[in-house]
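Chemist: What shape does this take:
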Amino acid sequence: MAQPGQYISATDPSMAATTTAAGGSTIGGFGSMPSGGQVVAAAGFISAYGAAQAQQAAAIQQQTGYLLQARDNLTVAEVRADMSQQYAEIQSGRMLKKAEIESRNYQIAGNQLLKNLRSVNATARARAAASGVAFGEGSVAAVQRENVRATMFDVGIMDLNALTAKVLGFEDAAAMMQSTEYQNFLNTFAAQRQAGQYKQAGAAVRQAGGLLAGATLTRGAVEFGQTVYRG
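Modeler: Predicted coordinates for the structure are as follows:
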């Protein structure tokens, strides 16, 4: 019989198994059979490794969810901003068109006043001529001058109203566009800040998952080493 720890020839079948000094057995002289505690320790280490990988995978999945949420928030904010901009452009265009129509109506009313003035003065001159009165002198001329003065005053008001309608319409449209742009800026900025918070949360989750996985793997390695050391 070979002595414990002695090299065993692979050509001698009678020496295939030898009891070692530590009480274990060797197979063909190529290594000792693992004890039950070592098997349990190895299984525990493998389990710890699997748990660590699962923790990392969960952290990556949660980080991905945060990143997707950040992207969705930015996309929704951009779509809303585009729609608000389009709506504001349509509304401002309507305001400008309405102001233009209102201004044109004032101009038409002023032209109608001038037309009425010409008709009234022509009638006054015709009546004066039919009565043998000089229509360029006296009370007839005074009536015509008064008609012109009153009509031109009204025409001036119409022109002022027409100009005011244009100006106010332009101001209202410009104010709507500026207000929409400012609101879109605020909404987009808020969405960007929220997206940044989601990204930071995802990075924190990923880091925490890595630390937790490392701790799990380290604990498994320590337990495995302790079990092997105890024999």
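
Chemist: Helix or strand: which one has the residue of the chain positioned farthest from its centre?
Modeler: Distance from the centre of the chain peaks at Gly132, with 84.7 Å (Cα atoms, centre = their mean). In this assignment (DSSP states H and E), Gly132 forms part of neither any helix nor any strand.

Chemist: ok, now how distant is it from Gly138?
Modeler: Distance of Gly132 to Gly138, given as Cβ to Cβ, to the nearest Å: 12 Å. C-betas here are computed from N, CA, C, even on glycine.

Chemist: mind listing what Ala48 touches?
Modeler: By Cβ atoms under 8 Å, 6 or more residues apart in numbering, the contact set of Ala48 is Thr216, Leu217, Arg219, Gly220, Ala221, Glu223.

Chemist: Please pull up the helix or strand immediately following the longest helix along the chain.
Modeler: Determined from DSSP state H, the single longest helix within the chain is helix 36-130. Using DSSP H and E, the helix or strand that follows helix 36-130 in sequence is helix 138-230.

Chemist: Just the angle for that next one relative to helix 36-130, thanks.
Modeler: Interaxial angle of helix 138-230 relative to helix 36-130 (axes from the mean of the first three to the mean of the last three Cα atoms, to 10 degrees): 180 degrees.

Chemist: contacting residues around the residue nearest the centre of the chain?
Modeler: Nearest residue to the geometric centre of the chain (Cα atoms, centre = their mean): Leu74, 2.0 Å. Counting by Cβ under 8 Å, 6+ apart, Leu74 touches Ala191, Gln192, Ala195.

Chemist: Which parts of this structure belong to which domain?
Modeler: What automatic domain parsing lists as the domains of the chain is 1-33, 36-230.

Chemist: Now do the shortest one, average pLDDT.
Modeler: The pLDDT scores in domain 1-33 average 40.

Chemist: what comes up buried for stretch 200-212?
Modeler: Ala201, Gly202, Val205, Arg206, Gly209, Leu212 (16 or more other Cβ atoms under 10 Å).

Chemist: of these, closest to Gly65?
Modeler: For those, the residue nearest Gly65 by Cβ to Cβ is Gly202; the value is 7.7 Å.

Chemist: List the contacts of that closest one.
Modeler: Gly202 neighbours (Cβ under 8 Å, 6+ apart): Gln62, Gln63, Thr64, Gly65, Tyr66, Leu67, Ala70.

Chemist: Mind giving me the ChimeraX select for these, buried ones only?
Modeler: A single ChimeraX command is used to select the members of the contacts of Gly202 judged buried by 16+ other Cβ under 10 Å:
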select :62,63,66,67,70
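
Chemist: State the distance from Gly220 to Thr227.
Modeler: Gly220 sits 11 Å away from Thr227, going by Cβ to Cβ.

Chemist: Quickly list what's touching both of the two.
Modeler: Counting by Cβ under 8 Å, 6+ apart, the residues touching both Gly220 and Thr227 are Gly44.

Chemist: For the protein, which residues score under the pLDDT cut-off?
Modeler: Residue ranges of the chain with pLDDT under 70: 1-41, 133-137, 228-231.

Chemist: Report the separation between Ile101 and Ala109.
Modeler: For Ile101, the distance to Ala109 - Cβ to Cβ - is 13 Å.

Chemist: more crowded one of the two?
Modeler: Using other Cβ atoms under 10 Å, the more surrounded residue of Ile101 and Ala109 is Ala109, with 15 against 12.

Chemist: where's that one relative to Asp159, distance?
Modeler: 10 Å.
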